[in-house]
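Participant: Predicted model and sequence follow; I will ask about them next.
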Amino acid sequence: MSGWKIAILCCHYTNEATAEDVADIPAQIEIRRFPCSGRIEVADILRAFENDAEAVLVAGCERGSCHNRSGSLRAEKRVEAARKILEEIGMEPERVQMAFIPRLDTGAFVAAAKDTFEKLLEISPKGETTS
Amino acid sequence: MIIAERKPIGRILQMIAPFKKVAVIGCRGCVAICSAGGDREVETVAAALRLARKREGRPLETVEDTFVRQCDPEYLTPLEELRKEVEAVVSLACGVGVNLAADLYPDLKIYPGVDTSFYGANPSLGEWEEKCRGCGDCIIDFTGGLCPIARCAKNLLNGPCGGSQGGRCEIRPEVACVWHQIYERLKARGEVEKLTQIWPAKNWIPAGHGGPRERVRPDLQFNNNSKK
């Protein structure tokens, strides 16, 4: 496994995937669940980077299927706000990814995690870390 | 309320560059309501500052707090203790709060984390619009409650400029021409004749001709223990 660390901030209802489901990705994956992706704050995303994540994936329910109606849409806006702050401090905004996942579709969840890892490879191919 | 907006993180980082431990202090007044300087914004700004400094290899320690208000001396008293704990303070209050803290604690290194923008309303979630310029001589009794000083791009006092089209401002077409609105509003209220009256010249002295403005209520000045 590489030294990369990816944090996945995820709606509790979107998916029940565990570390085993993403074990194929050669990175340390940390999954943190929230009652709704709309509850994920910009500060949560920044703190994940502070805790040594090189990339953060925010995963919420597909548009229109959020338990709380607009949680994942709100999460998308927070991701945009976090990207802006990353840009302001000289980090690549692409380090934060947003994915809209069909409810309980572990395949889509794992695919989004893989996409995030591939994006990370493009950003820091030599494993350059953020800290 | 007073509307403010977060300063760029890079700008705040410049202000606190020499320090290793700072407090980020929010205010639960106007800036919390306009989502620029309340508890959540304190968390966000503090996390962004710590992350940026960690990347620079010069870690920053932060203390986070949000005061009830920063525009009253009694609510700033926690600074007495806090200033012993940190080297500097980043305040997410409006400029009033930062000024008062700087007045009361001359040795405290306090820096603004937001730009204080305008007096505005919150017509819908996530949007704030200027409604008042605080000129000190309110004339909106003549104008159907709508302020042409704050809401006309040219601050006109005698009707629309002639450039507005279809009720929209020529400077920013996405903004309604306030003079068009004033006419429509007065017409609906049966007060359109107000526009035919000759107004006295507006008094701009209360707008701040002589430095900082003050207001005094002598009946409230008893038992006044505030530092001044």
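Facilitator: Received the coordinates, thanks. Numbers count the residues shown, from 1 in each chain, chains lettered A, B, ... in the order given.

Participant: From here on, just use CA atoms for contacts and neighbour counts.
Facilitator: Will do.

Participant: Can you tell me the strand partners of the host helix or strand of residue B:117 and which way each runs?
Facilitator: Take DSSP states H and E as the rule and residue B:117 turns out to sit in strand B:114-124. Applying DSSP bridges, strand B:114-124 is found paired with strand B:2-6 (antiparallel), strand B:127-132 (antiparallel).

Participant: Report the buried residues of that strand.
Facilitator: For strand B:114-124, burial by neighbour count (16 or more other C-alpha atoms under 10 Å in any protein chain shown) applies to B:114, B:115, B:116, B:118, B:119, B:120, B:121.

Participant: Out of those, name the two that are farthest from one another.
Facilitator: B:114 and B:121 (18.1 Å; C-alpha to C-alpha).

Participant: contacting residues around the nearest residue to residue B:21 once chain neighbours are set aside?
Facilitator: Spatial nearest neighbour of residue B:21, chain neighbours left out: residue B:61 (4.6 Å); criterion: C-alpha to C-alpha, 6 or more residues apart in numbering or on different chains. Residue B:61 makes contact with B:20, B:21, B:22, B:50, according to C-alpha atoms under 8 Å, 6 or more residues apart in numbering or on different chains.

Participant: if we go to 10 Å?
Facilitator: B:19, B:20, B:21, B:22, B:23, B:46, B:47, B:49, B:50, B:53, B:54, B:86 (C-alpha atoms under 10 Å, 6 or more residues apart in numbering or on different chains).

Participant: what do you get for residue A:36?
Facilitator: Applying C-alpha under 10 Å, 6+ apart, we find residue A:36 in contact with A:10-14, A:59-61, A:66-68, A:70-72, A:75.

Participant: Among these, name the buried ones.
Facilitator: In the contacts of residue A:36, the ones that pass as buried (16+ other C-alpha under 10 Å) are A:10-14, A:59-61, A:66-67, A:70-72, A:75.

Participant: which one in these is the model shakiest on?
Facilitator: Lowest pLDDT of those: residue A:14, 78.

Participant: quick revisit: which of the buried ones among the contacts of residue A:36 lies closest to chain B?
Facilitator: The shortest approach to chain B among these belongs to residue A:70, at 13.8 Å (C-alpha to the nearest C-alpha).

Participant: related to what we said a few turns ago, closest to chain A out of the buried residues of strand B:114-124?
Facilitator: Distances from chain A to the buried residues of strand B:114-124, taken by C-alpha to the nearest C-alpha, are shortest for residue B:114, at 14.4 Å.

Participant: residues touching that closest one, list them.
Facilitator: Contacts of residue B:114 by C-alpha under 10 Å, 6+ apart are B:3-9, B:12, B:31, B:36-37, B:90-95.

Participant: Can you tell me which of those end up in strands?
Facilitator: Under the assignment DSSP state E, the contacts of residue B:114 contribute B:3, B:4, B:5, B:6, B:90, B:91 to strands.

Participant: so what does the longest helix belonging to chain B touch, helix or strand wise?
Facilitator: Secondary structure assigned by DSSP state H gives helix B:39-56 as the longest helix of chain B. The contact analysis (3 or more C-alpha pairs under 10 Å, 6 or more residues apart in numbering or on different chains; DSSP states H and E) places helix B:39-56 against helix A:42-50, helix A:71-88, helix B:9-15, strand B:21-27, helix B:30-33, strand B:61-67, strand B:88-91.

Participant: now those in CSV, with distance to residue A:116?
Facilitator: CSV is the format used below for these (distance: least, C-alpha to C-alpha, whole Å):
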stretch, distance to residue A:116
helix A:42-50, 14
helix A:71-88, 14
helix B:9-15, 26
strand B:21-27, 32
helix B:30-33, 34
strand B:61-67, 30
strand B:88-91, 34
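
Participant: Point out the one among the ones you listed that comes closest to residue B:209.
Facilitator: That would be, of the helices and strands packed on helix B:39-56 and by C-alpha to C-alpha, helix B:30-33, which comes in at 26.2 Å.

Participant: what about the closest one, average pLDDT?
Facilitator: pLDDT averaged over helix B:30-33 gives 97.

Participant: List the buried residues in it.
Facilitator: Applying 16+ other C-alpha under 10 Å to helix B:30-33 flags B:30, B:31, B:32 as buried.

Participant: For those residues, give me TSV that also has distance to chain A.
Facilitator: Formatted as TSV, the buried residues of helix B:30-33 follow (distance: C-alpha to the nearest C-alpha, whole Å):
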residue	distance to chain A
B:30	21
B:31	18
B:32	16
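
Participant: what's the closest of these to residue B:199?
Facilitator: Closest to residue B:199, out of all of the buried residues of helix B:30-33 and judged by C-alpha to C-alpha, is residue B:30, at 33.9 Å.

Participant: So which residues on chain B come close to chain A?
Facilitator: B:8-11, B:13, B:40-57 (C-alpha under 10 Å from any C-alpha of the partner chain).

Participant: Cheers, nothing more for now.
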